[in-house]
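*Asks:* here is a sequence together with a model predicted from it:
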Amino acid sequence: MLENITSFLRNALYVVPAILISLTFHEFGHAYAAYKMGDPTARNLGRMTLNPLAHIDPVGFILLVLFGFGWAKPVPVNPRNYNNFKKGEIVVSLAGVTMNLILAVLGAMILYTLLAVNGYNKMMKDNVLSTIAIILYYFVGLNCGLIVFNLIPIPPLDGSHVIITLFGKNIPSSILLNMQRYGSIILVAAVLVCNRLNFSPVGIVSGWLQNGIYGLMKLIFIH
């Protein structure tokens, strides 16, 4: 029992910083993009900030730490304020995952810089360096997971806004209405089923993305 608690606390040490930074930058990306597209709603409500307290939903945060599935507070936007509605919807929707992609690349770059400077054996023997390396590994993986998960075209995820903006006129209104009404239920049910089956399509695809980023870093740092 004590070992399980110790293991959980140790993993939380690695995961919590990654979650706080990743979710904060994701939501800040939405708020900043909306402001640049002509909508000041998020800025006026104090959401265009890098303060985690403005973005973290306590329940979603705890669930993400415990089970790997959670959420932040959605950034409020008013698409009617966009200078160009279609462009605004797409840019704002993709801004969050774009921030996560930047964070993933930066995290991998820092990790490989440390490896290049110190060497693998020295890093693993140094408690501070090894802890930083593990945090960065979780950090890159979490951001890759957020990218893939948020691009799923089911409301309220970002991918659904892009699909509806681009192809909404070709989708029957009844289907759109049901998607918006039951999207969250579908997502939760899908996550529960995948956990039950021990199968994670998001994890598989985000793993490919993570490997691709690490592969790029190897080309840059390892000769």
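*Replies:* Perfect, thanks for sending it.

*Asks:* and Val188, how far is that from Asn150?
*Replies:* Per C-beta to C-beta, to the nearest Å, Val188 is found 15 Å from Asn150. (Each C-beta comes from the backbone N, C-alpha and C, glycine too.)

*Asks:* and those two? Which one has more around it.
*Replies:* Asn150 (19 against 11; other C-beta atoms under 10 Å).

*Asks:* excluding covalently adjacent residues, which one is nearest to that one?
*Replies:* Taking C-beta to C-beta, 6 or more residues apart in numbering, and ignoring the residues beside it in sequence, Asn150 has Asp158 as its nearest neighbour in space, at 4.5 Å.

*Asks:* can you check Ala116 too?
*Replies:* Phe221 (4.8 Å).

*Asks:* and if you look at Gly38?
*Replies:* Leaving out its chain neighbours, the residue that sits closest to Gly38 by C-beta to C-beta, 6+ apart is Asn83, at 4.1 Å.

*Asks:* and if you look at Ile19?
*Replies:* Distance criterion C-beta to C-beta, 6+ apart; nearest residue to Ile19, sequence neighbours excluded, is Leu64 at 5.7 Å.

*Asks:* for Leu209, what are its contacts?
*Replies:* Leu209 makes contact with Ala104, Cys144, Ile147, Val148, according to C-beta atoms under 8 Å, 6 or more residues apart in numbering.

*Asks:* what about Gly46? Give its phi and psi, please.
*Replies:* The phi and psi values for Gly46, taken as degrees, to the nearest 10, are phi 80, psi 20.

*Asks:* burial measure for the closest residue to it other than its chain neighbours, as a count.
*Replies:* Once flanking residues are discounted, Gly46 sits nearest to Ala54: 5.8 Å by C-beta to C-beta, 6+ apart. Counted by other C-beta under 10 Å, the residues lying close to Ala54 total 19.

*Asks:* mind checking how far the residue sitting nearest the centre point of the chain is from Ile62?
*Replies:* In the chain, the C-alpha nearest the mean C-alpha coordinate belongs to Leu146, at 2.7 Å (C-alpha atoms, centre = their mean). Going from Leu146 to Ile62 by C-beta to C-beta gives 17 Å.

*Asks:* again with Thr6
*Replies:* Counting by C-beta to C-beta, the gap from Thr6 to Ile62 is 19 Å.

*Asks:* equivalent analysis for Glu89, please.
*Replies:* Taking C-beta to C-beta as the measure, Glu89 and Ile62 are separated by 31 Å.
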